[in-house]
Structure formats: structure tokens, C-alpha cells
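Enquirer: Fold the following, please.
(chains A and B)
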Amino acid sequence: MRHIISVLVENKFGALARIAGLFSGRGYNIESLTVGPTQDQTMSKMTIVTSGDNAVLEQIEKQLNKLVEVLSVKDLTGGGFVARELMLLKVKANCGNRSEITSVASVFKANVVNITLESMVLEVTGPSAKLDAFIQLMHPFGIIELARTGMVALARSNEPTEKLEPPVVPPKLDLQAPDGIQL
Amino acid sequence: MSAKPKAKPAAPKKASCRADCGGCRHSGSKAAAPAAAPQSATAPIKGAELLIRCLERQGVDLMFAYPGGMSIEFHQALSRSPIRVVLPRHEQGGAFGANGYARASGRTGVCMATSGPGATNLLTGIADAYMDSIPMVIVTGQVPQRLIGKSAFQETDIIGMTRPIVKHSFLVLDVNDIPDVIAEAFFLANSGRPGPVLVDVPKDVQQKMVEAREAKVSLRAYSVRCSADEAEVEKLRKMIRASERPCLYVGGGIIAANASDELRKFAESYNLPVTTTLLGLGTFPEEHPLALRWLGMHGCFAANYAANECDLLIAIGARFDDRVTGNVEHFATMAKIIHVDIDPSEINKNKTADLGIVCDALDILRKLNQKPVFKAYKAWHKQIAEWKKAHPLHYKPDSEIQPQYVVETLYKLTRGEAIIVPGVGQHQMWAAQYYKFNRPRQFLTSGGLGSMGFGTPAAMGAKLAIPDAVVVNIDGDGSFQMNIQELGTLYAEGIGVKMIVLNNQHLGMVAQWEDRFYGRNRGNTVMRVDGAPYPDFVQIAKGYRIPGLHVWHKKDVVPAIKTMLATPGPFVLDVHVEYMEHVLPMIPAGGTHKSIILE
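Expert: Numbers count the residues shown, from 1 in each chain, chains lettered A, B, ... in the order given. Sure thing, here's the model as predicted:
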């Protein structure tokens, strides 16, 4: 089953590599992974679309949490959330079919962001299924290339998507050898 | 020694992370090293110097370090430090040395190497610590920042290479971060589930001048749940009350939590039979009436049967490793599973638990011991006694030197008190089977990774950690040769490790599989050259100025071991045992307790 996982991580060197490495090293799927800054400069948010049975998802969540730089992990699947993706699509277009393309695009609320004599680039956002449908409709015109961002998602609730546990009373560092070494 | 630069040492003041504990090792009720009186106007020192001061403040008194171009600054600073530096003869020996030091003492082992090949040579030792949850801090030199990514001389992306085998790693890009990074590295390495932490420091950072300052640890994303709540403890008790055939299955987590005493109280006050993993050996006295000894592929018959035929399996600090369970689908099928571990990801990873509790082993055992549930389990204990009696560990003594006999003899002559550090292979299993362990940190073995060459350097680390103990490396001729160069370290540093090579001229464990599963066809498992034993280990030891003896006859085993134990300093005993023995019992990989091979 497809799952959308929202992960809050420290905005530090190598955090993305650690997470990507975790997925490849333990054999988990990644359908898409997006990462970007948040309103707090010290944190980044990743949205990972993955698939697997419940046991695999439980492990993904736990293994992510185990990483020292991961602040919070939330599997959005099953709860209320909104998810969006952005796509840029370059399609063959000439004076003969340009208006036909733009009329299809307007149904999808797609914007024309670049236009030449032989092609145009369209920008469309929405749930992944909408983007898939748009690709299908553009196919007959001749898609030159396209780029998708992968999904970003937020919970619908009033609270933040991930609950950040407040740091508990800071423990002191133990510098002594532990007790109980019997020799 | 020249006067030390008067720098205010960088002390870790407090670690800020999400830990819910009060009195366990993760919080450390004991105060940190006494803070030196703040000194006025500190003179700037080099980053490398500062890093070494930070190690001192972490209580490091010994480390394994092999110098090179990108770590020369550290070694210069170390030459002015009270930290004892042990120079291994190969970086892998240094990593295993720190590994063995940590296993023997519970303190964080420290090793260091230069960039490139120095760092890559550490990898096996780091992976080994990761697999067995051993606290280590590894410092590596790196090429200057301006050369990173340029395929500079001796440049490797060691952070990238070690990413899957460390608990965490740091690349220090700002000299001002050094105090925090070192404090965080030590805190991470030895809290929660312990593990190796790597700190990579480019040379320009080492050379930059900096003023020492107090360290601040802030790991807001790191959380450790140490404490079990009352409801969980009561649930566990309730499941024990409902059980007729309970079995305790404990592992290295008990050692990490220093919970052996509480474990013993728990087993006795609840009347529960106890089996341990290979890494858990010694957490429960093996001669205790409730002891089943260890389980798994080469574990005891009774232990495997009890774990599989019980109706309640209580796993504490163990991870249902495939060498323990065989086919995990068919492991303990009749049992409710309780799994207690400090690492949440272990619960339901290999085996689905009916009750999973995330906490420190010491915490939950203390709580359980407050209100024991004692039941007689008469039929169950009787059944176990029958299993023990029907199939004890045994071999058929004959007139040849059998490896099992050598281990048994060592056990007797050391009165069961030595720290045993084997390599990996048949000899490791015999060491675990025929030496009996009665205290934690007495059997130090490469369990998860199974690294040949572990024995000599890890024993070296153990002896340095516990100088008063008799430390014996029981090794195989294959394994011994993988880090034989550490004989040089043993002699040069005066480390009195005793080495027994059970020399059967074969890579015995693989040969055993060939005998059992591949029609006795030998595929590169014979070490003998020209029909005679090769090489001459005693001669090699002599080259390193270490005394040694060959043993060819059974009658000579006792006197030779006595000589070895009586000789001060390191000693090599090359015991020529023909390749003839298989490690038994054996549950073939992916099998079940029913498929146990006894003959």
C-alpha cells in the first residue's frame, strides 16, 4: 500500500544522504522524496512517498526515528491531509494546435510559463492523479519532456503535521565507567 | 614533558536531549569531571590540540591511533597529553582494540586514523561495533576542505562510506564546533543503544587557531526512552502469571545496561529458566540451576528446545537474530512473545511481539523485582532437566588433542576466571561451549558481524582495559593470521595477552559446511602447504620477541597451558589439532530446533 510520510529533520549537512541511504540500505521503496526548508531555518521537511505492508511501514517509521537528526516522523496515510505536486511539461505546439492545448490547460488550471514557435511549457499543480490525467491529455500533442516535484503534504488539522516533543529536562553527561563491572 | 598550554578545557556541561530517565546510565547521576576553575584570557590553540583536550575531558585515558599525513596534528597534540596512545600495527587492529576495550570495560573505546587508507582500514572494526552495539568514538583526519572532492591524495569520503555502519557521524567544518561535536559524539556512543560514532576532521580545521570553551550538547532530535511505565510492567507480570512454560531469552542489552545482578534476581524470584545469546554469555551464571546456557545455531540442545517449546518467551536486550532463531517463522511458534529493548526499531523487526516494551533493561528488571510472581512450573522444569540430561554438550574424548579438550583444560586451569576473546570460526563456538562464563564482559566476541581477525586486537584492548585480568585469545589458524601483526603491538606496549591457536590447518567452519552440505568438496578451505602445518606461529612470535610453544601431544596440553599462564607478558601457544571435529550441535541455517544435528 502507498504511504505518504512527512519527516521533520535538522537542517544539517548529510541529513538527506542519511535518509536516502536508510531506504536503499534496508531495501525500502521510494516513489518520491521531496525536501525543502520550513518556516524555521533550523529544520527541513521531507515528504516521502513509499509503499509496503504494515510491518515494513512500521520499520520505516522506527528506523527514520532512530536517525539522530530526525525530529519527527508522521505517516499521513489514513488521516486527513492535503497533498500537492507541481509539474512542468514541455509539449510540441504550433500555431495550428496552440489554442487547443491552452484550452485543455485551462481546464486543469495550468499556466503557460514559456512559449516558442514550436513548443510551450505548462505548469500544473494538484494531486498526483490530476497530473497523471494531464499527461494523458497532452500525449497526442507530443510531450517533449516533463519534470515533477514529487508530493508535498500537510495534515488538515489545526496543529502542525508532526508533533514535536519538547526537550525533556537535560540529563547530565555520565563520564564515569558504568557500575557493575565485576572483576 | 613540556608544559601544557594553559587552555581552559572544553567540558561537556550538559547533554540536552529527550531522555525520560532519572537514575539510569543515560542520564548519569554522577557528576562530570570536575570543571577546572575558569582561567582568564585563554591563549588560542590549534583545533587538533583542542580536540585532544576534549577527549581528556571525556575521561579518555587510552586510545588506539595510527598516524598519517592528515592526523599528524593530533599525534603532535597527543605527545603532550596524558592520554596513553597505543600504536597498533594496522588500523584494523586499532579499531578492534578500541572495540575490545569497550566490550571489556563498558567505557567508550577510542581509535584514530588518518584519511584515505587509514580510515578505510577502520571500517571492519566500526561495522563490528555497530552490529554488536559497542560504544566507540572514531576520529579520522581528512584532507583540507579546499581539496575535498578533488580526488586529493589519500582522500576518501569516509562519512559516506561509514554512513550505514555508524550510530551517527560528524564532519567538522568549523573549528569552533569541536567541543560540542566531541561531547555529542561521546554522549551518543554510550547512551540509549550504544554504537560507534565517527568524527571526521579536515586538516585545515585541525590547524586553525581557536580559543577553548565549554561544550554545549544539544541533540533535540535524539530521544531515549529508558523507563517502563507501571501498566507495561503489570502486563508483563500478568502474562507470566498466565504462563505454564516461561523462558527468558536475554542478550547483550543486559550487559550494556549493567543489569546482570537484577537479571539474576528476576530469574530466581520468578523461577524462570534463562537462555542467553552468544553476546549475552556471562550475564547469567552458566552453572546456575536455572541456566539453559546459550541458544542458536551451535547453542545447547536444552536451550533451543526450551525457547521453542515454551508458551511465553521473554526477550530482554536481544534481537531475534537469524543465528538464534533459524527460520524465524517457525521459531517459538507456541509462545506469546514479550520483547523488551531500548531500541524501538527492534520490536517487531524480526519477530512480531505480543507485548513490546521500549526501555532500559535495568529499569524494567528493577521494577519487576519489586513484586515477584513465583510459580513452581514443575512439569516444565522437569522437562528441561530431561533435555539437559539427554543432550548435554559433549564430544568423544580420544587420544588426539581435541579443540574442545583444550578449551576445557583452559577453563580448569584458569578456574573459570579468564576473559576469553576468540576470533571467528569453529574455535569461537568451542570457546563459547566449553568455557563457562559466570560474569558479564567475560566473553568478548564478534557476534553480529562475525569478523575473523577479531581475537588478537580485541584481546589487546581488553587487557589494556582490565590489566589485572587474565585475558586469553582463543583463536583459529585462519583468524589469527588476519591480524597477526598485532603481536608487534603486544610486545612493544607490554600487553600480556595469552594466545592459544587451535591450529587445524583449515578454515574449519566453512570446511564443516562443506562436509555437511557440499559433499566434502574442499573449496579453498585448506591452509596447509606441502602437506605440513604452515606457517610456524611460534617462529613468527619469536620474530616479535614473544615466547611461544608448539603442542603436538595430548599429554603436553596441561603443562603447556600452565607454562603459558605462568610466563609473564604475551605468549603464543600453537596447539596442533587435526581437522576432524565438527561444532555440534548444529541447527542448519534456516532450520528449526527439530532439525538440530547432534552427531
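Enquirer: can you give me the helices in chain A?
Expert: A:15-25, A:54-66, A:98-107, A:128-138 (DSSP state H).
Enquirer: between these, which gets nearest to B:Gln370?
Expert: Ranking these by proximity to B:Gln370 (CB to CB) places helix A:54-66 first, at 29.7 Å. C-beta coordinates here come from the backbone N, C-alpha and C atoms, glycine included.
Enquirer: Would you reformat the helices of chain A as a markdown table and include mean pLDDT and distance to B:Asp132?
Expert: Shown next, in a markdown table, are those (pLDDT from 0 to 100; distance: least, CB to CB, whole Å):
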| stretch | mean pLDDT | distance to B:Asp132 |
| --- | --- | --- |
| helix A:15-25 | 94 | 18 |
| helix A:54-66 | 96 | 17 |
| helix A:98-107 | 96 | 59 |
| helix A:128-138 | 97 | 43 |
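Enquirer: so which of those gets nearest chain B?
Expert: Closest approach to chain B among the helices of chain A (CB to the nearest CB): helix A:54-66, 3.7 Å.
Enquirer: by how many degrees do that closest one and helix A:15-25 diverge?
Expert: 150 degrees (axes from the mean of the first three to the mean of the last three CA atoms, to 10 degrees).
Enquirer: if we can go back for a sec, just put the helices of chain A in TSV and tack on distance to A:Leu76 and mean neighbour count.
Expert: Output for the helices of chain A, formatted as TSV (distance: least, CB to CB, whole Å; neighbours: other CB atoms under 10 Å in any protein chain shown):
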stretch	distance to A:Leu76	mean neighbour count
helix A:15-25	17	16
helix A:54-66	12	17
helix A:98-107	28	14
helix A:128-138	14	16
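Enquirer: Chain A contacts on the stretch 51-200 of chain B?
Expert: Contact residues, the stretch 51-200 of chain B versus chain A (CB under 8 Å from any CB of the partner chain): B:58-59, B:105-107, B:159-160, B:163-164, B:167-169, B:171, B:173, B:183, B:186-188, B:190-191.
Enquirer: So how do I select the buried members of these in PyMOL?
Expert: Buried subset of those, written as a PyMOL selection, criterion 16 or more other CB atoms under 10 Å in any protein chain shown:
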select buried, chain B and resi 58+59+105+106+107+159+163+167+168+169+171+183+186+187+188+190+191
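Enquirer: Out of the residues of the stretch 51-200 of chain B next to chain A, list just those in helices.
Expert: If you go by DSSP H, those have B:Ser105, B:Ile159, B:Gly160, B:Ala183, B:Phe186, B:Phe187, B:Leu188 in helices.
Enquirer: so where do the strands sit in chain A?
Expert: Per DSSP state E, chain A carries strands over the ranges A:2-10, A:32-37, A:43-51, A:70-75, A:81-92, A:111-115, A:119-126, A:143-148, A:152-155.
Enquirer: Among the ones you listed, single out whichever gets nearest to chain B.
Expert: Across the strands of chain A, closest to chain B is strand A:70-75 (CB to the nearest CB), at 4.4 Å.
Enquirer: mind giving me the domain ranges of the chain?
Expert: All of this refers to chain A. Domain ranges of chain A: A:2-78, A:82-152, per automatic domain parsing.
Enquirer: meant chain B, my bad for not saying
Expert: B:12-224, B:230-390, B:403-576.
Enquirer: Relative to A:Val49, which of those is closest?
Expert: Among the domains of chain B, the nearest to A:Val49 by CB to CB is domain B:230-390 (21.2 Å).
Enquirer: Report the mean per-residue pLDDT for that closest one.
Expert: Averaging pLDDT along domain B:230-390 gives 97.
Enquirer: That one near chain A anywhere?
Expert: Yes. Counting by CB under 8 Å from any CB, chain A has neighbours in domain B:230-390: B:Asn258, B:Ala259, B:Ser260, B:Asp261, B:Asp343, B:Pro344, B:Ser345, B:Ile347, B:Asn348, B:Lys349, B:Thr352.
Enquirer: Tell me the one of those nearest A:Met46?
Expert: Using CB to CB, these come closest to A:Met46 at B:Ser345, 18.5 Å.
Enquirer: Not including adjacent chain positions, what is the nearest residue to that closest one?
Expert: A:Lys62 (3.7 Å; CB to CB, 6 or more residues apart in numbering or on different chains).
Enquirer: Centre-most residue in chain A?
Expert: Closest residue to the average C-alpha location of chain A: A:Thr47 at 2.9 Å, with CA atoms, centre = their mean.
Enquirer: okay but that residue is in contact with A:Leu33, surely?
Expert: Yes. Using CB atoms under 8 Å, A:Thr47 is in contact with A:Leu33, at 7.4 Å.
Enquirer: Give the intersection of the neighbour lists for the two.
Expert: Shared contacts of A:Thr47 and A:Leu33 (CB atoms under 8 Å, 6 or more residues apart in numbering or on different chains): A:Gly150.
Enquirer: quick one, strands of the stretch 351-500 of chain B?
Expert: In the stretch 351-500 of chain B, the strands defined using DSSP state E, counting those that start in this stretch lie at B:355-358, B:419-420, B:471-476, B:498-503.
Enquirer: partner strands of the last one, parallel or antiparallel?
Expert: Which is strand B:498-503. The pairing partners recorded for strand B:498-503 under DSSP bridges are strand B:471-476 (parallel), strand B:571-576 (parallel).
Enquirer: Please identify the most buried of those strands.
Expert: Counting by mean count of other CB atoms under 10 Å in any protein chain shown, strand B:471-476 has the highest mean neighbour count of the strands paired with strand B:498-503, with a mean of 31.
Enquirer: B:Gln485: what's its closest spatial neighbour, skipping adjacent residues?
Expert: Once flanking residues are discounted, B:Gln485 sits nearest to B:Arg89: 3.9 Å by CB to CB, 6+ apart.
Enquirer: quick one: stretch B:135-148 to chain centroid distance?
Expert: Centroid displacement of stretch B:135-148 relative to its chain, using CA atoms, centre = their mean, to the nearest Å, is 24 Å.
Enquirer: Show me the shaky parts of the chain.
Expert: I'll assume chain A. A:165-183 (pLDDT under 70).
Enquirer: switch to chain B, that's the one I care about
Expert: Across chain B, the ranges flagged by pLDDT under 70 are B:1-41.
Enquirer: how about the residue nearest the centre of it, what does it touch?
Expert: Closest residue to the average C-alpha location of chain B: B:Arg103 at 4.7 Å, with CA atoms, centre = their mean. Contacts were defined as CB under 8 Å, 6+ apart; by that measure B:Arg103 touches B:Asp132, B:Ile134, B:Arg441, B:Leu444, B:Ala458, B:Gly461, B:Ala462.
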